[in-house]
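Q: next comes the sequence, and after it the predicted model I'd like to discuss.
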Amino acid sequence: QVQLVETGGGLVQAGGSLRLSCATSGLTFSSYAMGWFRQAPGKERVLVAAIGRSGENTYVQDSVKGRFTIARDNAKNTVYLQMNNLKPEDTGVHYCAAKLSRDDTYWPILRSSDYWGQGTQVTVSS
């Protein structure tokens, strides 16, 4: 059974930092591109950051560029999202997702996902 479990969310003031973790089990983690998505209240889920299988290839959305960093530890089957200088517009439920990938790019996760976590709430107060 595949499981993706996000942790690290919480309430933080604008300008603060959080580090989200997504621990996976039941899949060959190093074969999957991974992504972090955010769903703000009343809005669609959007991709925030993505990473290829080895961790060398990464993508972050323009709105978080320079503030967020995605990384993975294949030995720990875990993907991370380091969020610095948080803004109120970063508020939302943050989900991690996995997509089986044939190569080391992050493109597969931009198109679709095979597995999702349950999400962790991030709230940034002004």
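A: Received, thanks.

Q: so what's the spatially most central residue of the chain up against?
A: Nearest residue to the geometric centre of the chain (Cα atoms, centre = their mean): W36, 2.1 Å. Neighbouring residues of W36 by Cβ atoms under 8 Å, 6 or more residues apart in numbering: 20, 22, 47-50, 70, 79, 81, 94-97. For the C-beta atoms, the positions are set from N, CA and C on the backbone; glycine is no exception.

Q: what comes up buried for the lowest-mean-pLDDT helix or strand in the chain?
A: Among the helices and strands of the chain, helix 107-111 carries the lowest confidence by mean pLDDT, DSSP states H and E, at a mean of 86. Neighbour counts over helix 107-111 (16 or more other Cβ atoms under 10 Å) mark P108, I109 as buried.

Q: who does it touch, helix- and strand-wise?
A: Under the contact criterion of 3 or more Cβ pairs under 8 Å, 6 or more residues apart in numbering; DSSP states H and E, helix 107-111 touches strand 32-39, strand 45-51, strand 92-100.

Q: past the second one, which element shows up next along the chain?
A: Per DSSP states H and E, strand 45-51 leads on to strand 58-60 as the next helix or strand towards the C-terminus.

Q: and that following strand, what does it pack onto?
A: strand 45-51, strand 68-73.

Q: packing partners of the shortest one?
A: Helices and strands in packing contact with strand 68-73 are listed as strand 32-39, strand 45-51, strand 58-60, strand 78-83; criterion 3+ Cβ pairs under 8 Å, 6+ apart.

Q: of all the ones you listed, which one is nearest R102?
A: strand 32-39 (9.7 Å; Cβ to Cβ).
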